[in-house]
Every structure is written in structure tokens, then in C-alpha cells.
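Asker: have a look; sequence and predicted model below, questions after that.
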Amino acid sequence: MVAGHLLLVATVGFLHEAHAVVPHREEPEHSAFHTFMRQHGRQYAPGSDEYHQRLALFSRRAAEAEAHNARPGKLWTAGINRLSDRTDGELAQLRGWRGAAATARGAGRASGFLQPSGNTGSFLNQRGRGRPLPEQFMNWTTLQAAKDIFDQGACGSCWAVASSKVLQLHQQIHRPRSPRTFSTQELVSCVANPHKCGGTGGCEGATVELAFDWALNRGLAQENEVPYRAFTGTCSAGSGAMVQLGQHDLSLEDLTTPGVHQAPAGAPGLAFGMHGWERLQENGYEALLRALHDHGPVGVSVAARPWAAYLHGIFDGCERDAVIDHAVVLIGYGKDPGSGVLFYDIQNSWGPDWGEKGHIRLLRREGDGEWCGTDRQPEVGTGCEGGPKEVKVCGM
């Protein structure tokens, strides 16, 4: 009994003595968070409510990434990046969405930018029919515009970024001697969204169809003329070939029905080589790849909620029923040489330090009927006010 008592006293005395000579050490999660803050320029006052909120988010995301990476047979790797301390609401804003949390999905619907084929005047939906597509096609990934990654910031402008990127990429493909940029900010500030398609306009969301129609029928300034500001702002009267808002407005049918929109005589878009655009059939696998192969990168709609932690690999975290909530650019498609897994190569707008240098590879399943489900909130990303309440979505 005495020996036990002495042992206890000795232990307490040792701990007290150690406390006096060993400096305080940060908890591992605090140390990692402070490193993260330095790397990404965060200015959270230690001990403040915001500091603890962001630390909790960071710790949760780190634990989720660790759990995912421990899964056997995983195709992609999760990790810490500059989005790891963002709230769910802030991440939703990056996708141009203002709703509640959603599930994930692959490519939904797309719009293509058109050039005439020789002297025939034929367009995308007539070209390439009957010719087999190659197993993989990554030609456009070498273009400079495919390497220059846009950062949309805290504005839900993904639809405008994707549209201006598609225009720039097609310019480099079809008019390589006439390089040109296209103003994302003009689209954000000027494009009207009367049918509330994919949002209410500007930083609150719209669609690539609206952006392509604006560029074709009104023209579009270059990036240095109307630089990006990451907020909706006011439409400048000097932007592009401005005409009164309300002219050339697309009908609800135009916005939701597959088909070609050819440039009328004298359309401002003709000045930079844009002869039209096409809304592709939703969930049309071969039509999508054909458009990419024959004409160039395509603006596509995706469900991107679980993308935030993506570092590299082929993302396969998609459920059948999903909400399409983000616009991106389809750059290529391929087959992983190691695993043989098929993928889409997607250019995102969350900066060059996200994912694979600003890109993500999405699992690709061949055929129109593969991995389909139902989007019960289509107005969030692809639908318009007054449109159907549910739409079929396919992709992965």
C-alpha cells in the first residue's frame, strides 16, 4: 500500500517537472491547419469563432480524405487543397447553385460551337456520321487554352467561364492565325436570364446556351477589354457589339430542345468566326464524343458536389440519381494505360492548383443507356422555370 502511494507521488512529481521544462506543442490538426493557412493566405484570428469553424471544416475534410484513400481498389485520390476549409454553401456557390446539398453526376447535356464544313454549309449534326470514333482522343489538350485554367472565385459564373473557354479553344483550332480571348465578365454582367435557366443570371447561375446566343448575336469583347471581376456588376455599353437587351432572346423551347442555331446574316459573332452553335441531345454518348472529335471542346453540365477533395485519378464517385449543378468544358476522352479504365478529360474553373492542374478525369461508360438516373431539381443546372420537374441524367 505504501509502495503504491509512493509510486503515485513519484509519477505526479515527474509529470509536473516535465511540464516545467518541455515547451508546449500544438495539436497535430492545429499544426496542419496553420500550414494550410500559410499556404493559401488565410487570415483567421486564432481563437475566433471563424477560426474554430474553419478548423472544424478542415479537420472533417482531412478525415474524409483519409477514409476514402484507405479504400481498396480506389480509382482516385482525395486530399487537402485550397477548398478544404470552405463551407458547403461556399462550395455550392462555386457550382453556381444556391440550393441544398446534392449528389454527384457525370456529363449531362452539352452545347457545341460550330464552324462550316468546307463549302457545304453542313454543321455538327451532319459531320462524321458513319466514321468510327477513335478509342481515345486527347488532341485538344495540347492547346494553350486547355492549359490556362480559369479561377471563377466566389462567383457562380461556371456557365460563363465554360462558354468563353469553348469559344477560345475553337478559335485556336479553327482560326489559329487569329488568336483571341473572350470576356467571361461580359457574359456574367450582360446576359439576361428571363426564364431562370440554371439560376437567375450573373453570379447566381445561367447556362452555356444563353452565353453562346449572346456571343453569336451580340458579339463578345476580349478578356482585356472587359476583365473578370468575380461579381455580376453592371453591363458596360462598350462591351462587344451591344444591342438592346431583350432582342434575340431565346425562347424556352430554344433553350431546352436539341438543335442547331445558325448565325443570321450580319451576326456579330461572324466577325470572330462563330457560325452557330448546337444544343446536343441530352445523354447522347456518341453525339457528345462526335462533337468533341469533329469540332472541338464542348460545354457540358455535370453534378460536381463531391469534387472538392479531388487530387488526381479517375473520379467514380457518382450516384445514379443526381442534381446537375455545374458547367465545365469537355476537352478529351481516353483510356488509362495502367488500369484500362475509360475516362472523360474535363477542364474545371477552380484554379490551376485544383485537381490535375485544373482538370479532372471522370469515369466514362460507353453507350447512351449506361448508368442513368433522375435529376429532380433540373432548374438548378440545366432546366428552366416552368420546365419539367424531373429529367433523365446519364453519364458514368
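Answerer: Thanks, I have the structure now.
Asker: the strands in the stretch 51-200 of the chain, which residues?
Answerer: With strands called from DSSP state E, counting those that start in this stretch, the stretch 51-200 of the chain shows them at 76-78, 104-105, 110-114.
Asker: who's in contact with residue 29?
Answerer: Neighbour list for residue 29: 55, 58-59, 62 [criterion: C-beta atoms under 8 Å, 6 or more residues apart in numbering]. The way it works is simple: take the backbone N, C-alpha and C, and place the C-beta from them, glycine included.
Asker: just the buried ones from these?
Answerer: Those of the contacts of residue 29 that meet the buried threshold are 55, 58-59, 62, by 16 or more other C-beta atoms under 10 Å.
Asker: out of these, give me the two with the largest separation.
Answerer: Farthest apart among those by C-beta to C-beta are 55 and 62. That separation is 10.4 Å.
Asker: re the thing from before, which of the strands of the stretch 51-200 of the chain has the lowest average pLDDT?
Answerer: Lowest mean pLDDT within the strands of the stretch 51-200 of the chain: strand 104-105, a mean of 28.
Asker: could I get the average pLDDT for the top strand by length along the chain?
Answerer: Criterion DSSP state E: the longest strand present in the chain is strand 326-335. Strand 326-335 carries an average pLDDT of 96.
Asker: could you do stretch 233-247 as well?
Answerer: Stretch 233-247 comes out with an average pLDDT of 58.
Asker: what would the contacts of residue 29 look like in JSON lines with distance to residue 187?
Answerer: As requested, those are arranged in JSON lines below (distance: C-beta to C-beta, whole Å):
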{"residue": "55", "distance to residue 187": "37"}
{"residue": "58", "distance to residue 187": "33"}
{"residue": "59", "distance to residue 187": "38"}
{"residue": "62", "distance to residue 187": "36"}
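Asker: which parts of the chain are helices?
Answerer: 2-21, 28-40, 49-69, 88-94, 144-147, 158-174, 184-190, 208-218, 252-256, 285-294 (DSSP state H).
Asker: list the helices and strands the last one packs on?
Answerer: Right, the one you point to is helix 285-294. If contacts are counted by 3 or more C-beta pairs under 8 Å, 6 or more residues apart in numbering; DSSP states H and E, helix 285-294 sits against strand 110-114, strand 298-304, strand 326-335.
Asker: kindly export stretch 322-336 (C-alpha atoms) in PDB.
Answerer: C-alpha atoms of stretch 322-336 as PDB (Å, rounded to 0.1, in the frame of the first residue of the first chain):
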ATOM      1  CA  ALA A 322     -28.100  13.300 -59.000                       C
ATOM      2  CA  VAL A 323     -28.600  17.100 -59.400                       C
ATOM      3  CA  ILE A 324     -26.700  18.600 -62.300                       C
ATOM      4  CA  ASP A 325     -25.200  21.800 -60.800                       C
ATOM      5  CA  HIS A 326     -22.000  22.900 -62.600                       C
ATOM      6  CA  ALA A 327     -20.800  23.800 -66.100                       C
ATOM      7  CA  VAL A 328     -17.400  22.700 -67.400                       C
ATOM      8  CA  VAL A 329     -15.500  22.000 -70.600                       C
ATOM      9  CA  LEU A 330     -15.100  18.500 -72.100                       C
ATOM     10  CA  ILE A 331     -11.500  18.600 -73.500                       C
ATOM     11  CA  GLY A 332     -10.900  14.900 -74.400                       C
ATOM     12  CA  TYR A 333     -11.600  11.300 -73.700                       C
ATOM     13  CA  GLY A 334      -9.200   8.400 -73.200                       C
ATOM     14  CA  LYS A 335      -8.300   5.100 -71.500                       C
ATOM     15  CA  ASP A 336      -6.000   4.900 -68.500                       C
END
